[in-house]
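Novice: How does the following fold in three dimensions:
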Amino acid sequence: MKALWLALGATLASCATPAGDPATLPGAHSVTGLPLEELLAEPRLVLVFIDPQCPIANAYAPELQRLQAEYGPRGVTFALVHADPERSEAEVVAHAAAYGHTAPLVLDPEQALAARTGATMTPEACVLTGGELVYRGRIDDRFFALGKQRAAPTTRDLRDALEALLSGRTPAADWPPAIGCHIPPRR
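Specialist: Numbering: from 1, shown residues only. Next up is the predicted model:
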């Protein structure tokens, strides 16, 4: 598996791949669930960048749980990534318990996973298959601008990407941007 990650060493800018050996992700580590190396080796992986202080990310907790319950049995692994360097293991575990999250938790204080996937917002979903980034964007369009939301989404972008992937197709290339809170810069 290490050879696969090394073979994927091109940058996101050139091929949309989360490059590198998991050992080269400084500071990134699993808090719960699979060790990071095993998690990143999953054939279909959804990394959702969230933050306890982001009300929009928190509002998506029920939808993320529905997606995990629906797609987990179909071979899709979900993980919640915390890229704010100020977050502690205890804080992310308490947040997961408070919001009912059961997906593996990952701390990314050096923002290596965020950089390699191109994630800049919470909540932002990154879908990887075989190590290749095939979708990065919003979960759905319930929040369509900062401070503006619909009662119910009209498009379900992450769900559409997963359905395409599970049907053997490549998800649409026009990735809608996530609306939410910016991942804070490293200090």
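
Novice: What's the mean pLDDT across stretch 154-172?
Specialist: The pLDDT scores in stretch 154-172 average 95.

Novice: wouldn't Asp141 be in contact with Asp157 here?
Specialist: Yes - counting by C-beta atoms under 8 Å, Asp141 sits close enough to Asp157 to count as a contact (7.1 Å). Backbone N, C-alpha and C define where each C-beta goes, glycine included.

Novice: joint contacts of these two?
Specialist: Pro176 (C-beta atoms under 8 Å, 6 or more residues apart in numbering).

Novice: Among these two, which residue is more densely surrounded?
Specialist: Ranked by neighbour count (other C-beta atoms under 10 Å), Asp141 and Asp157 place Asp157 first, with 21 against 16.

Novice: How much space separates that one from Ala172?
Specialist: 8 Å (C-beta to C-beta, to the nearest Å).

Novice: now do Thr129
Specialist: 14 Å.

Novice: same question, Ala57
Specialist: 23 Å.

Novice: Those two - which one has more neighbours?
Specialist: With neighbours defined as other C-beta under 10 Å, Ala57 and Ala172 compare such that Ala57 has more, 26 against 14.

Novice: In three-state terms, how would the more buried one be classified?
Specialist: helix (DSSP: H, G, I helix; E, B strand; the rest coil).

Novice: Would you map the strands across this structure?
Specialist: 29-30, 44-49, 77-82, 105-107, 121-122, 124-129, 132-137, 143-145, 148-149, 181-182 (DSSP state E).

Novice: Can I get those in JSON lines including mean pLDDT?
Specialist: As requested, the strands of the chain are exported to JSON lines (pLDDT from 0 to 100):
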{"stretch": "strand 29-30", "mean pLDDT": "92"}
{"stretch": "strand 44-49", "mean pLDDT": "98"}
{"stretch": "strand 77-82", "mean pLDDT": "98"}
{"stretch": "strand 105-107", "mean pLDDT": "97"}
{"stretch": "strand 121-122", "mean pLDDT": "97"}
{"stretch": "strand 124-129", "mean pLDDT": "97"}
{"stretch": "strand 132-137", "mean pLDDT": "96"}
{"stretch": "strand 143-145", "mean pLDDT": "91"}
{"stretch": "strand 148-149", "mean pLDDT": "93"}
{"stretch": "strand 181-182", "mean pLDDT": "96"}
